[in-house]
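Undergrad: 3D model of this:
(one chain, ligands or ions: 2)
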Amino acid sequence: MTAPAPLPFLVIDFDSTFTQVEALDELADIALRGRPEREQVVAAIKALTDAGMDGSLSFSESLKRRVALLSARREHLDELVRHLRTKVSESIRRNQRFFHEHAPGRIYIVSSGFREFIVPVVAEFGIPAEQVLANTFTFDEAGNITGFDATNPLSQDGGKIRQLQQMGLEGAEVYVLGDGYTDYQIREAGMAQRFYAFTENVSRPAVVAHADKIAPTFDEFLYQNKLPMTLSYPKNRIKALLLENIEPTAEKLFREEGYQVEIVPGGLDEEELMERIEGVSILGIRSKTQLTARVLERANRLIAVGAFCIGTNQIDLLGCMQRGIVAFNAPFSNTRSVVELTISEIISLARRLPVKSEKMHRGEWDKSAAGAFEVRGKKLGIVGYGNIGAQLSVLAENLGMQVLYFDIAEKLQLGNAVKCRTLAELLQQADVVTLHVDGRPENTNLIGAEELAQMKPGALLINNARGHVVDVPALAAALRSGHLGGAAVDVFPYEPKTNAETFENELRGLPNVLLSPHIGGSTAEAQRNIAEFVPERIMQYINTGNTQQSVNLPNLQLPAQQAAHRLIHIHHNVPGVLARINNVLAEHQVNILGQYLKTNEHIGYVITDVNREYDQDVIQALRAVEHTIKFRVLY
Ligand SMILES: NC(=O)C1=CN([C@@H]2O[C@H](COP(=O)(O)OP(=O)(O)OC[C@H]3O[C@@H](n4cnc5c(N)ncnc54)[C@H](O)[C@@H]3O)[C@@H](O)[C@H]2O)C=CC1
Ligand SMILES: O=C(O)CCC(=O)C(=O)O
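TA: Ligands and ions are numbered 1, 2, ... in the order given. Below you'll find the predicted structure:
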């Protein structure tokens, strides 16, 4: 590893910075367990903490009043320490190695908290007790906390400034990292060159406003200062753009991971997306947004695309692959929802419910059996026997239907379903034809005038696949002429971008036609499943390089992480690239601990785990390997 830039003296606050919580709040919570006044007292202590932190109450007054409310004893401190060890800020815990290597003589905790709990917590990070400058409690003989040593400068207003003066760091480069006003005051008093507002746990506007720099995580602090860090890139710099009303769980998961998230409720057209895509690392879309080659040209930071749905025809998958951008979808998360909708449509159309309902709304009572039939014993023709088609097959047989199917790929025949050798064979026999093919361009107008003419008179057609699969004017003509008995259509060649846009289509107003606004997968269950599934895949890819279930990169499942650096290399699949990568590593005496390669006809995806010690030159050399598409160091 190249020598890190010299580390300035680093002064770190403890409460809400080194740990996620305010220790005195937590101590009160522990000490008052089982007491009726617990909630009230803890709330009062929290309010006093905040007032002291944002500068609206003098610090000494805040501390005095808080300690007076505590009712804590010496033995509560042990429990507090155990608790605080679980509450160390995520990004600080992640960089524990940095602390161990750099703490001695360099990293100080300067806190208005108390040494009794700070020293044992930070010791695990290699920060020696003498580098912890904090208050101390006073106790009575029975072990009750009675107050604090009021002569300690840190118990007084402006205490951190005085403490810094006593440390004798004048003339040295000092950076302060904290979340409170008192941390900023060190910088204001000229005792430090920079104040970093640490906002991972709490962001106080009055403090952030004064900061020289914002550090949403400790990784960001290290990154900005070119210091060695556990991650290769701070997560807070990863921006996700989520379009088309993706269920909020996705936003929550990405935020919890530390990413920035931007939400757009509707879809974006090509021009709009071209304007928004710059700087975006993760793009989340559903079926409407087209991720085209033109958009990809502007996608300067894109790492991953999530199709929060099944279909991926809206994504230029090849273009993504050639740029080393991974794409994931949710292949099973809404399967059941589409199947249930389809079952409901088969029965509704068979009973001419759209016509009956429409008449009732107009006040017409038309009680008759004309044109209505049971689905039991009828032939259901499923075109596309994939996940949806196959599951529908099972449910339809349970309703007593005879299932026929046609698929261009060889498929496992479920139950008593009968395979048709051609589409025509299926169309000629089925009472109900339902489409569940994918949206590949070759499926455009799969069902046109000719195919409709092959269907039985009075037969029903359902399209819950993709709009372009059916020639809509031809379908409208077949319905108008009475050749078809009805249709249910959920997907259209052009779909409104938002709910505010009017829906225009030739099928509007035709009898026994059920129209739905692309809601096959729009159930609470499906959307929730998708919003968990896709972010998990994306985050796993970003964190480990795992491409399992990606729809465009070679699928590589990785063994458990080992103590190593992981290098991710995506390259054009031409002979000799792997050899060149390994030559670079050998030339720099880098030891390979594990290497995993998967290729497809276009690209190669190789993950190399190497031992920890390597030079930055290696990285430059690997980036320069001919035919490299993307290279990143994972950790
Ligand atoms: N309406 C909605 O809200 C939803 C629509 N969908 C659509 O449903 C499609 C199917 O979904 P899954 O079953 O999960 O996909 P899948 O990939 O498991 O199945 C698609 C099947 O269609 C077959 N196929 C493709 N072209 C064909 C052709 N011309 N003739 C016969 N078979 C053909 C494939 O071989 C495959 O077996 C998705 O690609 C998506 O476009 C999916 C979910 C929700
Ligand atoms: O819910 C959506 O936006 C799209 C559903 C769909 O068509 C799919 O999953 O492929």
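Undergrad: quick one: Ile238 from ligand 1, how far?
TA: Applying C-beta to the nearest ligand atom, to the nearest Å, the value for Ile238 to ligand 1 is 28 Å. The way it works is simple: take the backbone N, C-alpha and C, and place the C-beta from them, glycine included.
Undergrad: again, but for Thr17
TA: Relative to ligand 1, and taking C-beta to the nearest ligand atom, Thr17 is found at 46 Å.
Undergrad: excluding its backbone neighbours, what's nearest the residue in the stretch 101-250 of the chain positioned nearest to ligand 2?
TA: Closest contact between the stretch 101-250 of the chain and ligand 2, by C-beta to the nearest ligand atom, is at Glu244 (6.2 Å). Nearest residue to Glu244 in three dimensions, chain neighbours excluded: Arg286, at 4.1 Å (C-beta to C-beta, 6 or more residues apart in numbering).
Undergrad: measure that neighbour to His518 for me?
TA: 9 Å (C-beta to C-beta, to the nearest Å).
Undergrad: more neighbours, these two?
TA: Using other C-beta atoms under 10 Å, the more surrounded residue of Arg286 and His518 is Arg286, with 22 against 19.
Undergrad: spit out the contact partners of the more buried one.
TA: Neighbouring residues of Arg286 by C-beta atoms under 8 Å, 6 or more residues apart in numbering: 243-246, 267, 307-309.
Undergrad: now with 7 Å, please.
TA: Counting by C-beta atoms under 7 Å, 6 or more residues apart in numbering, Arg286 makes contact with 244, 246, 308-309.
Undergrad: ditto for Leu242
TA: So Leu242 contacts 250-251, 261, 263, 284 (C-beta under 7 Å, 6+ apart).
Undergrad: can we see that at 10 Å?
TA: 248, 250-251, 254, 261-265, 282-286, 306, 308, 531, 535 (C-beta atoms under 10 Å, 6 or more residues apart in numbering).
Undergrad: swap in Ser91?
TA: By C-beta under 10 Å, 6+ apart, the neighbours of Ser91 are 198, 200-201, 215-222, 229-231, 234-236, 258.
Undergrad: so how do I select the buried members of those in ChimeraX?
TA: In ChimeraX syntax, the buried subset of the contacts of Ser91 is picked out as below (16 or more other C-beta atoms under 10 Å):
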select :198,200,201,215,216,217,218,219,220,221,222,229,231,234,235,236,258
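Undergrad: which among the contacts of Arg286 end up buried?
TA: 244, 246, 308-309.
Undergrad: count the neighbours of the residue lying closest to Val574 once chain neighbours are set aside for me.
TA: Of all residues not flanking Val574 in the chain, His627 sits nearest, at 5.4 Å (C-beta to C-beta, 6+ apart). Neighbourhood size, His627 [other C-beta under 10 Å]: 15.
Undergrad: looking at it, His627 is touching Val577, isn't it?
TA: Yes - His627 lies in contact with Val577 (C-beta atoms under 10 Å); the separation is 5.3 Å.
Undergrad: need the overlap of contacts for the two.
TA: 571, 603-604.
Undergrad: can you give me the helices in the stretch 351-500 of the chain?
TA: 353-361, 387-398, 423-429, 449-454, 472-480 (DSSP state H, counting those that start in this stretch).
Undergrad: out of those helices, deepest packed?
TA: Highest mean neighbour count of the helices of the stretch 351-500 of the chain: helix 387-398, a mean of 21 (counted as mean count of other C-beta atoms under 10 Å).
Undergrad: what helices and strands are in contact with that one?
TA: With contacts taken as 3 or more C-beta pairs under 10 Å, 6 or more residues apart in numbering; DSSP states H and E, helix 387-398 sits against helix 335-350, strand 379-383, strand 402-406, strand 432-435.
Undergrad: what does the protein put close to ligand 2?
TA: For the chain, the contact set with ligand 2 under C-beta under 6 Å from any ligand atom comprises 286-287, 309-311, 334, 520-522.
Undergrad: now secondary structure, pLDDT and distance to ligand 1 too, for those residues, in JSON lines please.
TA: Converted to JSON lines, those look like this (DSSP: H, G, I helix; E, B strand; the rest coil; pLDDT from 0 to 100; distance: C-beta to the nearest ligand atom, whole Å):
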{"residue": "Arg286", "secondary structure": "coil", "pLDDT": "96", "distance to ligand 1": "9"}
{"residue": "Ser287", "secondary structure": "coil", "pLDDT": "93", "distance to ligand 1": "7"}
{"residue": "Cys309", "secondary structure": "coil", "pLDDT": "97", "distance to ligand 1": "6"}
{"residue": "Ile310", "secondary structure": "coil", "pLDDT": "97", "distance to ligand 1": "4"}
{"residue": "Gly311", "secondary structure": "coil", "pLDDT": "96", "distance to ligand 1": "3"}
{"residue": "Asn334", "secondary structure": "coil", "pLDDT": "96", "distance to ligand 1": "5"}
{"residue": "Gly520", "secondary structure": "coil", "pLDDT": "98", "distance to ligand 1": "3"}
{"residue": "Gly521", "secondary structure": "coil", "pLDDT": "96", "distance to ligand 1": "4"}
{"residue": "Ser522", "secondary structure": "coil", "pLDDT": "96", "distance to ligand 1": "7"}
